[in-house]
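**Student:** everything below, folded, please.
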Amino acid sequence: MTVLKKILPALVIISLISGCSVFKPIDPEAEKYREPRFSSNDPIELKVKQIDITSEFTPTFTRPNVEHLFPISIERTAKIWAKDRLKAVDYSSDRVAEVIIKDASVTEEIEKSQEVFQKDRIKYRANLNVVVRITDTKSLSRAETEVIAWRELIIPADTDITDKEKYWNGMVTKLFDEFNVKMEQNMRRYLNMYIANNSHIENYQ
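**Tutor:** Predicted coordinates:
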C-alpha cells in the first residue's frame, strides 16, 4: 500500500492516550493561566506549501461541559501546538497540511460519597482529538494520523475556585505533554514521506 497512487483512500492512524490523577497538594510556586508552549522542541518540517489550522469543536457553555471555565483553553493550546511544532518548507509543492481539532472538551461529574465522614468529589475529564492530514492536490493522494487523548482529575467537591484553577492548569499541561510526544511519534512514523530529513521509513504491506 502506498500513498502515492492517485485517488487513494486516506491512511488513517489513530492513537489513544489517557491518564487519571487524584488531587495532590498544590505547589504554591506553580504558575497559573499560562498556556503550554512547544517552541523548545525542534519544529517538524513538512514538505508542504502551507499549513491550515481549523477547529470543528463547538463549546456548549452548559454543564456537564465546563471547558469555558478553564483558564487554559484546550482548543487554543492545540492551535499553539500546531504553530509551534509544524513548519511548511516546500512552497513549490501542491501539498497542503491540515491540523483539525475535533474535540477540546472538558466535562465534570459529581461523585457522591457513600461514607458519612467522606466528602463528595468532582471528576473532571479533559478530551483532545486532533487529526493531521496531508493532501496532494495534484496526485489526489492523502494521508493522515489522529491522536485521541484524555486525562481525568478528581478533587474534593468543596475545593475553592482558586485551587480548582491550579488543578485544571496542571491537568491540561500534562495532557499536552503526552499529546506532543505521541503526535510527533505518529507523524514521523506514518507521515514519514512528507517530513523533511526524516530517518524513519515505514514499510506498508
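**Student:** now do the SS call for the residue sitting furthest away from the middle of the chain.
**Tutor:** Taking Cα atoms, centre = their mean, the residue of the chain most remote from its mean C-alpha position is residue 116, at 39.3 Å. At residue 116 the chain is in coil, as set by DSSP: H, G, I helix; E, B strand; the rest coil.
**Student:** wait, residue 175 touches residue 126, no?
**Tutor:** Yes: between residue 175 and residue 126 there is a contact under Cβ atoms under 8 Å: 5.4 Å. For every residue, glycine as well, the C-beta is placed using N, CA and C.
**Student:** overlap in contacts of those two?
**Tutor:** Here residue 175 and residue 126 share the contacting residues 74, 150-151, scored by Cβ atoms under 8 Å, 6 or more residues apart in numbering.
**Student:** residue ranges with poor pLDDT in this structure?
**Tutor:** Residue ranges of the chain with pLDDT under 70: 1-33, 199-205.
**Student:** ok, longest helix in it?
**Tutor:** helix 161-190 (DSSP state H).
**Student:** got the buried residues for that one?
**Tutor:** Of the residues in helix 161-190, 164-176, 178-180, 182-184, 186-190 count as buried by neighbour count, 16 or more other Cβ atoms under 10 Å.
**Student:** residue 34 and residue 166, how far apart?
**Tutor:** 11 Å (Cβ to Cβ, to the nearest Å).
**Student:** now secondary structure too, for the shared contacts of residue 175 and residue 126, in CSV please.
**Tutor:** Output for the shared contacts of residue 175 and residue 126, formatted as CSV (three-state DSSP):
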residue, secondary structure
74, helix
150, strand
151, strand
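**Student:** so the nearest residue to residue 94 once chain neighbours are set aside: helix, strand or coil?
**Tutor:** Using Cβ to Cβ, 6 or more residues apart in numbering and skipping the chain neighbours, the partner closest in space to residue 94 is residue 138 (3.9 Å). Following three-state DSSP, we place residue 138 in the coil state.
**Student:** so residue 138 makes contact with residue 49?
**Tutor:** No: under the criterion of Cβ under 8 Å, residue 138 makes no contact with residue 49, lying 11.1 Å away.
**Student:** compare the two (neighbour count), which wins?
**Tutor:** The residue with more neighbours, out of residue 138 and residue 49, is residue 49; 16 against 10, by other Cβ atoms under 10 Å.
**Student:** hmm, back to that, which strands and helices sit next to the longest helix of the chain?
**Tutor:** strand 11-22, strand 44-46, helix 74-85, strand 121-136, strand 141-156 (3 or more Cβ pairs under 8 Å, 6 or more residues apart in numbering; DSSP states H and E).
**Student:** figure out which of those is closest to residue 95.
**Tutor:** strand 121-136 (4.8 Å; Cβ to Cβ).
**Student:** list the buried ones in the closest one?
**Tutor:** Buried, per 16+ other Cβ under 10 Å, within strand 121-136: 121-122, 124-136.
**Student:** for those residues, which one is nearest residue 86?
**Tutor:** residue 132 (7.8 Å).
**Student:** residue 58 and residue 89: what is the separation?
**Tutor:** Here the criterion is Cβ to Cβ. By it, residue 58 lies 33 Å from residue 89.
**Student:** correct me, but residue 55 touches residue 104?
**Tutor:** Yes: counting by Cβ under 8 Å, residue 55 does reach residue 104; the two are 7.2 Å apart.
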